[in-house]
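Q: would you be able to build a 3D model of this:
(one chain, ligands or ions: 2)
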Amino acid sequence: MIKLAPSILSADFGNLAYEIKRVEEAGCDLLHIDVMDGHFVPNITLGPPIVQSLKGRSKMPFDVHLMIEDPDRYIEDFVKAGAAILSVHSEACTHLHRTIQHIKSCGVKAAVALNPATPLSSIEYVLEDLDMVLIMTVNPGFGGQRFIPSMLDKIKQLKSIIDERKLDVDIQVDGGIKPDNVHLVTAAGANVIVAGSAIFNSDSIEATVKEIRKNAG
Ligand SMILES: O=C(CO)[C@H](O)[C@H](O)COP(=O)(O)O
Ligand SMILES: [Fe+2]
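A: Ligands and ions are numbered 1, 2, ... in the order given. I've put the predicted structure just below:
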């Protein structure tokens, strides 16, 4: 089963509650919330108070993608604010295993995100502890970038490691996913699809969501 997670990075930040309603009514599964600190990535977005203010306005679980240095400092805050899944970047964690245990001890799902340049070997030792791996298919920091095709091999390799070890770990892809390339990532093994600009910048959110689902297979 493919899950679709619209990224609010490309939504109208002045009308977030309305934007969330639109993607929920279009049948999306998760709400992808991109948190950027201006250090780990060269952009700043939002923090726990805004996530908290959206809590209760949507039935979609909040999938919070932390693109921040030393994310341990904010895990409790984002859990209290309503996160159901917390993704931390392996590149931002000094003690990744400890951070994953920290997230799980708060009662939410734990995921690790990998920049395009980061090899799968950096997470192989924690795979058993994860609910999801986020393969970045662009360099994190901005919406509307082009998909990096060499990430398809990385997705395939991850899928084969997960299958070989008989694990129940989702593979999420994030960055540059559109109706015309989603089939490539799902064929490679991804089952959680993030799409920001493709959904929010489209003329019809409903039609685009349908098209992404149909093409995802
Ligand atoms: O994490 C992200 C960027 O760092 C965003 O989730 C991602 O870029 C989604 O936007 P788009 O679909 O427009 O690429
Ligand atoms: Fe993201």
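Q: what segments of the protein are strands?
A: Secondary structure of the chain by DSSP state E: the strands cover 3-6, 31-36, 62-67, 83-89, 109-114, 132-136, 170-174, 192-195.
Q: between those strands, which one is closest to residue 25.
A: Proximity to residue 25 (CB to CB) singles out strand 3-6 among the strands of the chain, at 11.6 Å. For every residue, glycine as well, the C-beta is placed using N, CA and C.
Q: and that closest one, what does it pack onto?
A: Using 3 or more CB pairs under 8 Å, 6 or more residues apart in numbering; DSSP states H and E, the elements in contact with strand 3-6 are strand 31-36, strand 192-195, helix 205-216.
Q: dump the ones you listed to a markdown table, plus mean neighbour count and mean pLDDT.
A: Shown next, in a markdown table, are those (neighbours: other CB atoms under 10 Å; pLDDT from 0 to 100):
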| stretch | mean neighbour count | mean pLDDT |
| --- | --- | --- |
| strand 31-36 | 25 | 98 |
| strand 192-195 | 26 | 99 |
| helix 205-216 | 17 | 98 |
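Q: just put the strands of the chain in TSV and tack on distance to ligand 2.
A: Below are the strands of the chain laid out as TSV (distance: least, CB to the ion, whole Å):
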stretch	distance to ligand 2
strand 3-6	9
strand 31-36	4
strand 62-67	4
strand 83-89	8
strand 109-114	8
strand 132-136	7
strand 170-174	4
strand 192-195	6
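Q: distance to residue 97 for those strands - can I get that in CSV?
A: CSV is the format used below for these (distance: least, CB to CB, whole Å):
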stretch, distance to residue 97
strand 3-6, 25
strand 31-36, 22
strand 62-67, 17
strand 83-89, 12
strand 109-114, 10
strand 132-136, 15
strand 170-174, 19
strand 192-195, 22
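Q: ok, back up a step: can I get the helices and strands packed on strand 3-6 in TSV with distance to residue 177?
A: Output for these, formatted as TSV (distance: least, CB to CB, whole Å):
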stretch	distance to residue 177
strand 31-36	11
strand 192-195	5
helix 205-216	8
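Q: ok, residue 58 touching residue 19?
A: No - Residue 58 is beyond contact range of residue 19, at 10.3 Å (criterion: CB atoms under 8 Å).
Q: those two: who's more crowded?
A: residue 19 (21 against 17; other CB atoms under 10 Å).
Q: give me the nearest residue to the more buried one, chain neighbours excluded.
A: Excluding the flanking residues, the one nearest residue 19 by CB to CB, 6 or more residues apart in numbering is residue 11, at 3.9 Å.
Q: is the top helix by length along the chain up against ligand 1 anywhere?
A: Counting residues, the longest helix in the chain under DSSP state H turns out to be helix 151-164. No - for helix 151-164, no contact with ligand 1 is found by CB under 6 Å from any ligand atom; the gap never falls below 12.4 Å.
Q: which strands and helices sit next to that helix?
A: Partner elements for helix 151-164 (3+ CB pairs under 8 Å, 6+ apart): strand 132-136, strand 170-174, helix 182-188.
Q: could you check which residue of the chain lies nearest ligand 1?
A: residue 196 (2.8 Å; CB to the nearest ligand atom).
Q: that residue reaches residue 19, doesn't it?
A: No - Residue 196 is beyond contact range of residue 19, at 11.2 Å (criterion: CB under 8 Å).
Q: residues that sit against both of those two, list them.
A: Common contacts of residue 196 and residue 19 (CB atoms under 8 Å, 6 or more residues apart in numbering): 8, 11.
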